[in-house]
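A.B. asks: Need the 3D shape of this:
(one chain, ligands or ions: 2)
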Amino acid sequence: MSVPESVESPQPVPLVYTDVTVVPEHERNELQKSISSLEGEVLELKSKLKSLDEKRKEVLNKIIDAKGSIRVFCRVRPFLLTERRPIREPVSFGSDNVVVRSAGVRKEFEFDKVFHQSATQEDVFGEVKPILRSALDGHNVCVLAYGQTGTGKTFTMDGTNEQPGLAPRAIKELFNEASMDHTHLVTFTMSMLEIYMGNLKDLLSARQSPRFNEASTKCNLNIQVDSKGSVEIEGLTEVEVPDFTKARWWYNKGRRVRSTSWTNVNEASSRSHCLTRITIFRRGDGVGSKTEVSKLWMIDLGGSERLLKTGAIGQTLDEGRAINLSLSSLGDVIAALRRKKGHVPYRNSKLTQILKDSLGTRSKVLMLVHISPRDEDVGETICSLSFTKRARAIESNRGLTEELRKLKEKKILELEEDLRDAQESCKKIITHLQEAECLLSENKKRLQTTHEKYEENIEEKVLSPLDHLNETDATPKSSDKLVKISKSSGYVPRFMTATVASRLRQTMSEKKINAKRSVAKTLTQFSTSQSLSLSDSRSRGLLRRSYTKPLQAAANIGTPETPKRDIKDPSSEKRVISDTPKSKMVTSSDPNVRAKLCYHRRRMSSLT
Ligand code: ADP
Ligand code: MG
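C.D. replies: Ligands and ions are numbered 1, 2, ... in the order given. You can find the predicted model right below:
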């Protein structure tokens with residue numbers, strides 16, 4: 001190995017210099033003081049944040065309840081390119097009403113919000129977003145897409161790659177919100193199932209038959225209700241989703257299974273309900289905090305069309321009856337649950353059984369009714385709109401006088417102002433908290449480094465160059481070649497051997513690596529001619545990947561595609577970076593590294 005030029009002709013060594021290894025005692029004391037005061041500050045900020053978050057939660061809940069914990073939106077599908085636009089369109093809209101004209105009869109329907117044909121997926125999501133926050137706050141939430149086949153239910157819920165729908169957006173938002181929650185540890189699991197003719201089908205199950213048939217419908221899924229009224233589906237696959245990418249992967253898998261399981265896509269798939277459940281686990285970071293569990297259901301319901309019109313016969317008619325029964329019962333079930341009356345009609349509908357704990361008083365329901373703009377569909381449009389009129393009538397605050405309505409709107413505006421204030425204050429505290437935590441970790445690191453330098457200083461005084469040579473045997477595998485080359489030359493200049501501190505860091509990091517399995521393997525994959533200066537951001541990136549991937553791989557042991565429990569820690573990425581061993585092991589082959597060798601000048605001087 002050639003010795004770099006800069007080392008062959010070292011620059012003059014200053015005669016007087018400050019020895020960095022001597023750490024003044026008072027500096028360490030100062031650091032310790034600062035650390036304990038910062039720790040106190042962090043605790044105080046966290047408790048402030050917690051009480052502010054409680055306030056925000058309360059205000060948001062009031063707003064949602066004032067607006068109606070069952071909200072009904074209407075979305076009108078635009079004309080498709082293949083459709084002829086009629087001269088007189090049968091459906092016209094305001095911001096919160098829909099008017100249908102048919103055979104000289106005019107019918108008007110009110111909604112909480114109407115999305116016109118030009119409304120984008122973002123527009124729809126914008127109105128759904130607050131309810132997601134509510135799910136994270138511990139409420140069960142149900143978002144249902146209702147309507148005739150071909151009106152855009154799947155487009156709204158699922159969307160396309162270019163225009164993602166509510167479900168992928170909602171999942172992403174949950175991860176976003178969770179990463180900003182500094183007082184709780186939030187984790188998610190996901191399940192997907194399909195209901196067809198009263199049968200449940202697990203869409204995320206590892207064993208999927210390629211086609212929908214008898215065997216696959218007879219899944220061993222049982223709906224259970226515990227003593228607290230919480231519904232669980234025994235036997236349903238529940239996968240842990242540590243991040244959005246994994247969640248999206250599972251979601252796409254479920255959608256694929258749904259779409260490929262039908263022999264006749266138009267007929268059967270339009271008659272089945274597709275349910276996606278995200279279960280949210282939220283635990284406070286204090287000792288002994290309880291875990292709150294809530295569910296977010298996103299449901300693409302089967303087509304609501306009446307079957308007589310399509311002239312369906314035989315089995316299809318039965319299927320249709322099953323679907324219509326569960327749909328028509330939905331409104332009644334919500335009403336019964338809200339009125340807290342014991343009797344729930346159509347108890348045997350699988351859909352309403354599953355959703356029983358997510359439609360009651362503490363839960364938030366959002367129904368998105370989809371209608372067609374076409375003349376031919378007017379009959380179905382009126383049916384869909386009438387159904388939701390019933391769902392809306394459930395809320396006691398419907399039919400208020402104009403005066404009361406205005407008062408309510410004013411109250412909502414005030415509450416929204418309070419919510420903004422609370423959110424703003426939370427944000428400020430979070431920034432403050434992040435700064436304090438950052439400073440705290442920096443100070444802790446500095447204290448650690450000064451301590452290591454102190455130890456190093458003592459050890460360097462007792463070690464001879466030969467000791468260093470012996471010690472290099474213990475350097476990590478990643479630098480094996482480097483060590484071998486050094487040995488063959490019979491002499492290792494001091495500047496090329498690892499310092500005690502860096503060896504210590506490397507050994508420690510290697511222990512971590514071994515524990516996390518196989519990072520050393522990844523490291524050996526580096527070409528030995530490549531520089532392995534870990535202060536280089538490129539190498540750090542590689543290392544970071546090599547740290548995280550085996551972790552995920554290890555988590556996946558078992559079913560190859562099933563991610564196992566991996567508790568989400570938003571700070572883990574940060575922690576991995578700061579854990580990266582800051583080895584000073586260098587080779588001279590990389591010119592970028594040469595400059596760093598000047599740091600070793602002082603040690604070189606001790607060799608000459
Ligand atoms: P459904 O699930 O109710 O049967 P789909 O979501 O499959 O209906 O929609 C039927 C067709 O209409 C699809 O081709 C879809 O892309 C299109 N479509 C529905 N809603 C919209 C919309 N808002 N904007 C653009 N295209 C839409
Ligand atoms: Mg559909």
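A.B. asks: Name the SS class of residue 95, please.
C.D. replies: coil (DSSP: H, G, I helix; E, B strand; the rest coil).
A.B. asks: so what's it up against?
C.D. replies: With contact set as Cβ atoms under 8 Å, 6 or more residues apart in numbering, residue 95 has these partners: 113, 114. From N, CA and C alone the C-beta is placed, and that goes for glycine too.
A.B. asks: Then the one 5 residues further on?
C.D. replies: Taking Cβ under 8 Å, 6+ apart as the definition of contact, the neighbours of residue 100 are 90, 91, 106, 107, 108, 109, 378, 381, 382, 385.
A.B. asks: Quick check, the residue in the stretch 101-250 of the chain closest to ligand 1?
C.D. replies: Ligand 1 sits closest to residue 152 of the stretch 101-250 of the chain, with a gap of 2.7 Å, by Cβ to the nearest ligand atom.
A.B. asks: Give me the distance between that residue and residue 121.
C.D. replies: Distance of residue 152 to residue 121, given as Cβ to Cβ, to the nearest Å: 11 Å.
A.B. asks: okay, those two: which has more neighbours?
C.D. replies: Taking other Cβ atoms under 10 Å, residue 152 and residue 121 do not tie; residue 152 has more neighbours (21 against 18).
A.B. asks: Now for that one: which residues touch it?
C.D. replies: 75, 77, 370.
A.B. asks: Do a quick rundown of the helices in the stretch 201-350 of the chain.
C.D. replies: For the stretch 201-350 of the chain, the helices defined by DSSP state H, counting those that start in this stretch cover 214-217, 244-260, 265-268, 307-310, 314-338, 350-354.
A.B. asks: weakest of those helices by average pLDDT?
C.D. replies: Among the helices of the stretch 201-350 of the chain, helix 214-217 carries the lowest mean pLDDT, a mean of 44.
A.B. asks: quick one: the residue nearest to residue 70 when sequence neighbours are not counted from residue 292, how far?
C.D. replies: Distance criterion Cβ to Cβ, 6 or more residues apart in numbering; nearest residue to residue 70, sequence neighbours excluded, is residue 365 at 4.4 Å. Taking Cβ to Cβ as the measure, residue 365 and residue 292 are separated by 20 Å.
A.B. asks: Check residue 54 too.
C.D. replies: Residue 54 sits 13 Å away from residue 292, going by Cβ to Cβ.
A.B. asks: Neighbour count for those two, which is higher?
C.D. replies: Neighbour tally, residue 54 and residue 292, criterion other Cβ under 10 Å: the higher count belongs to residue 292, 16 against 13.
A.B. asks: Who are the contact partners of residue 305?
C.D. replies: 148, 149, 380, 383.
A.B. asks: mind putting these in TSV, neighbour count, pLDDT and distance to residue 225 included?
C.D. replies: Putting the contacts of residue 305 into TSV (neighbours: other Cβ atoms under 10 Å; pLDDT from 0 to 100; distance: Cβ to Cβ, whole Å) gives the following:
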residue	neighbour count	pLDDT	distance to residue 225
148	24	90	32
149	19	90	32
380	22	89	34
383	17	85	32
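A.B. asks: among these, which are in reach of ligand 1?
C.D. replies: When these are checked against ligand 1 using Cβ under 6 Å from any ligand atom, the ones in range are residue 149.
A.B. asks: can you name the two of the contacts of residue 305 that are farthest apart?
C.D. replies: The span of the contacts of residue 305, defined through Cβ to Cβ, is set by 149 and 383 at 12.8 Å.
A.B. asks: Spell out which residues of the stretch 351-500 of the chain are next to ligand 1.
C.D. replies: Counting by Cβ under 6 Å from any ligand atom, the stretch 351-500 of the chain sits next to ligand 1 at residue 370.
A.B. asks: Now do the helices in the stretch 351-500 of the chain.
C.D. replies: Under DSSP H, counting those that start in this stretch, the stretch 351-500 of the chain gives helices at 378-393, 402-462, 465-472, 480-488, 500-515.
A.B. asks: Those: lowest mean pLDDT?
C.D. replies: Across those, helix 480-488 gives the lowest mean pLDDT, at a mean of 34.
A.B. asks: Which one of the contacts of residue 152 sits in the busiest neighbourhood?
C.D. replies: Within the contacts of residue 152, most neighbours by other Cβ under 10 Å means residue 370, with 27 neighbours.
A.B. asks: Can you give me the pLDDT of that one?
C.D. replies: Reading off the model, residue 370 has pLDDT 95.
A.B. asks: Looks like it contacts residue 150 (just checking).
C.D. replies: No: using Cβ atoms under 8 Å, residue 370 is not in contact with residue 150, being 9.1 Å away.
A.B. asks: Return every residue with contacts to both of these two.
C.D. replies: residue 77.
A.B. asks: tell me which parts of this protein are close to ligand 1?
C.D. replies: 77-78, 80, 147, 149-155, 270, 370.
A.B. asks: go again using 8 Å as the cut-off
C.D. replies: 75, 77-78, 80, 117, 119, 121, 145, 147-158, 160, 163, 270, 300, 303, 370 (Cβ under 8 Å from any ligand atom).
A.B. asks: Narrow the residues you listed to those that are buried.
C.D. replies: 75, 77, 119, 121, 145, 147-158, 270, 300, 303, 370 (16 or more other Cβ atoms under 10 Å).
A.B. asks: From those, which land in helices?
C.D. replies: Per DSSP state H, helices hold the following members of those: 121, 153, 154, 155, 156, 157.
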